[in-house]
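**Q** Structure for the following, please:
(one chain, ligands or ions: 1)
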Amino acid sequence: MVGPVGEARVFRYADWDFVRKADSNPHFSALCLSDPQRCNAFSGLHRTLKGREQWMANHVQGTGHTEFQRNMGDTCTAIPPEGAVIAGEVVKALPADEHARTHP
Ligand SMILES: [Zn+2]
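**A** Coordinates of the predicted model:
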């Protein structure tokens with residue numbers, strides 16, 4: 001809930017929640033970091049860890065490269081704490097039902 005800015009308190013280090021969305025479509029990827037010249041081969045996005053691991057195994061077999069940066073991504077919703085100022089408006093407390101839905 002957002003209201004107008006008045007005598008707003010400013011929380012510089014307030015607690016925020018970042019809640020993974022139900023349809024977050026998590027994905028996994030890997031980047032080859034092997035030397036001597038950084039390879040930078042990219043696995044693409046995989047829906048499963050196993051898919052990414054298979055790509056890395058194939059890459060090792062084909063190149064002998066064994067150093068990777070692994071990444072995981074998803075989508076989430078940022079939930080500011082009451083009193084935070086968002087786009088010039090003060091966040092008010094969520095109604096109880098909304099709070100329960102977004103804070104499982
Ligand atoms: Zn490589």
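
**Q** Could you use CA atoms for every contact and neighbour count after this?
**A** Fine.

**Q** Tell me which residues are up against the longest helix along the chain.
**A** Taking DSSP state H as the assignment, the helix of the chain that covers the most residues is helix 49-63. Defining contact as C-alpha atoms under 8 Å, 6 or more residues apart in numbering, one finds that helix 49-63 is touched by 28, 29, 30, 43, 45, 46, 65, 66.

**Q** would TSV of those with secondary structure and distance to residue 81 be doable?
**A** Listed next are those as TSV, based on DSSP: H, G, I helix; E, B strand; the rest coil; distance: C-alpha to C-alpha, whole Å:
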residue	secondary structure	distance to residue 81
28	strand	30
29	strand	32
30	strand	34
43	coil	38
45	coil	33
46	strand	34
65	coil	46
66	coil	43
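
**Q** about what we covered before: could you check how far the longest helix of the chain is from the centre of its chain?
**A** The offset between the C-alpha centroid of helix 49-63 and the centroid of the whole chain comes to 24 Å, using C-alpha atoms, centre = their mean, to the nearest Å.

**Q** got a list of what residue 18 touches?
**A** Residue 18 makes contacts with 76, 77, 78, 79, as judged by C-alpha under 8 Å, 6+ apart.

**Q** what's the second one in contact with, if anything?
**A** Right, the one you point to is residue 77. Counting by C-alpha under 8 Å, 6+ apart, residue 77 touches 18, 19, 20, 21.

**Q** Pick the one among those residues closest to the ion.
**A** Of all the contacts of residue 77, residue 20 has the smallest distance to the ion: 31.7 Å, by C-alpha to the ion.

**Q** related to what we said a few turns ago, now a ChimeraX select for only the buried ones of the contacts of residue 18.
**A** Here the buried members of the contacts of residue 18 are turned into a ChimeraX selection, burial being counted by 16 or more other C-alpha atoms under 10 Å:
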select :79
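
**Q** Max pairwise distance over the contacts of residue 18: which two?
**A** 76 and 79 (9.5 Å; C-alpha to C-alpha).
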